[in-house]
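1. no sequence on hand, only this structure:
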């Protein structure tokens, strides 16, 4: 059986991403990762693409950090495939123990992310993973949390990037997205 190309894997995954007009409000086109995650082949291809990217660009990664909540779909999977640890960044009040916090701006208001103080060792090399890069606020807050614990942010890795929102420009680290709209 022949090997499936990277481009074919990407195209297959992209074909399974749902598109919902006027959700969550009028004028928005919602890109839904769950359409791809309910397809077994798309899941395998998505795993392959993410793992290949990290192995190629950051073979020295030591920890995969996933953002609340869709980032959790990927951080354990990637950490297991790469033989490294993983940690969650959660919304305020969801983690036990001693935590560090960062407040970040939303379209209307603000929110707070937290990370357990023991999750990252000083100098530890981290890749942050999430499903989507939109305005960049949550990924910027995640980078700040990692750095508060003296971790080294190698990259923010996302499945989908919404180019029209310019979130990448707000970030203070390298960014890689598999699919752009």
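-> Alright, I've got the coordinates. Note that the coordinates shown come from a computational prediction; the quantities given were computed from them, not determined experimentally.
2. what average pLDDT does stretch 113-129 get?
-> Mean pLDDT, stretch 113-129: 98.
3. next up, the contacts around the residue lying closest to residue 35 once chain neighbours are set aside.
-> Nearest residue to residue 35, sequence neighbours excluded (C-beta to C-beta, 6 or more residues apart in numbering): residue 18, at 3.7 Å. Backbone N, C-alpha and C define where each C-beta goes, glycine included. For residue 18, the contact set (C-beta atoms under 8 Å, 6 or more residues apart in numbering) comprises 30, 31, 32, 34, 35.
4. closest one of those to residue 58?
-> residue 31 (25.3 Å; C-beta to C-beta).
5. so what pLDDT did the closest one get?
-> So residue 31 comes in at 95 (pLDDT).
6. i'd like the first residue to be 164 from this point on
-> I'll keep to 164 as the first residue from here, and by that count the last item is residue 194.
7. which residues does it bridge with?
-> residue 182 (DSSP bridges).
8. quick check, it in contact with residue 182.
-> Yes - taking C-beta atoms under 8 Å as the definition, residue 194 is a contact partner of residue 182 at 6.3 Å.
9. what's near enough to touch the residue nearest the centre of the chain?
-> With distances taken as C-alpha atoms, centre = their mean, residue 293 lies nearest the centre of the chain, 1.6 Å away. The contact partners of residue 293, taken as C-beta under 8 Å, 6+ apart, are 229, 230, 233, 234, 237, 301, 302, 305, 319, 320, 321.
10. return the subset of the residues you listed lying in strands.
-> 229, 230, 319, 320, 321 (DSSP state E).
11. let me know the distance separating the fourth one from residue 272.
-> Separation of residue 320 from residue 272 (C-beta to C-beta, to the nearest Å): 27 Å.
12. so these two - more neighbours on which side?
-> Taking other C-beta atoms under 10 Å, residue 320 and residue 272 do not tie; residue 320 has more neighbours (26 against 6).
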